[in-house]
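Chemist: Model the following, please.
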Amino acid sequence: MANIFTNAKISHKLAALTGITLLVIAGLGWDEILNSRTIAKDSLRTEEATQAFGLLDGIAHNFAVERGLTAGFLGSGGDAGIKEKLDAQSLKPIKRNRHSLISLLNLSTKNFGSKLPMG
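Modeler: The predicted structure follows:
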């Protein structure tokens, strides 16, 4: 094999070295493209998970406020002022939670697989 390479013309030697170099560069370029795609998918997954957790946090907040008002109403023995606040608060989460749940359903579940990334 070494004899074939030493007896070859200089143009063939340069073509062979250039071809090998181009194959290595093409392989490294392909690897970089695949790595960039993986990074982009992970970034999208992180962004959607952040949105989902933000929406879930809003839902939990609304329920916590309502729970606090309910505890205040029960602790007050049925104060009418707290009852009005509780009634007003009870209607707010329905609208907000409906919007949040619709937004959660609209997130792309293909990026999460079968479940949300929980660690």
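
Chemist: which residues of this structure fall in helices?
Modeler: Secondary structure of the chain (DSSP state H): helices at 2-7, 10-76, 80-106.

Chemist: Tell me how many other residues crowd residue 82.
Modeler: Applying other CB atoms under 10 Å, we find 18 residues neighbouring residue 82. Heads up, the C-betas are built off the backbone N, CA and C, glycines and all.

Chemist: Oh, that last question was meant for residue 80, not what I typed.
Modeler: Using other CB under 10 Å as the criterion, the residues surrounding residue 80 number 8.

Chemist: Give the ranges of residues in the protein that sit below the confidence cut-off.
Modeler: Along the chain, segments meeting pLDDT under 70 span 1-2, 91-97, 107-119.

Chemist: ok, 80 please
Modeler: 1-6, 55, 59, 62, 87-119 (pLDDT under 80).

Chemist: From residue 23, how far off is residue 15?
Modeler: From residue 15 over to residue 23 the distance is 13 Å, taken as CB to CB, to the nearest Å.

Chemist: what is in contact with the two at once?
Modeler: Residues touching both residue 15 and residue 23 by CB atoms under 8 Å, 6 or more residues apart in numbering: none at all.
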